[in-house]
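[1] any chance you can model this:
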Amino acid sequence: MAIDYKLLGERIKTQRIAKGTTQEHFAEHLDVSVGYISQIERGITKINLDRLSTVADYLECEMIYLLEGINKKRKFKHISNQKDSP
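    You can find the predicted model right below:
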């Protein structure tokens, strides 16, 4: 799978704006420069998976959405370790 970094950057920018945060605040949270954020959002700079995971967490979205545009809601089944009471 080839990553389209321009589309990835556009999705990151869209999510950042939807969250109502600036590039400056976003960069501060990630401990990177504003220039780096700008380059990612324009698809100029590649982003590694660890950083992308942090970005997705901050933007409150799934990595698969940022990578592929697929918007999945996770459904978790609660598993209890306790035995049912009679």
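[2] quick one: buried residues of the helix or strand of the chain with the lowest mean pLDDT?
    Every helix and strand of the chain was ranked by mean pLDDT, DSSP states H and E. The lowest is helix 63-68, at a mean of 92. For helix 63-68, a neighbour-count test (16 or more other CB atoms under 10 Å) marks Leu66, Leu67, Glu68 as buried. Glycine gets a C-beta too; all of them are placed from N, C-alpha and C.
[3] what do you get for stretch 50-61?
    Buried residues in stretch 50-61, counting neighbours by 16+ other CB under 10 Å, are found at Leu52, Thr54, Val55, Ala56, Tyr58, Leu59, Cys61.
[4] ok, these vs Arg16, which is closest?
    Distances from Arg16 to the buried residues of stretch 50-61, taken as CB to CB, are shortest for Leu59 (6.3 Å).
[5] determine which two of the buried residues of stretch 50-61 are furthest apart.
    Thr54 and Cys61 (12.2 Å).
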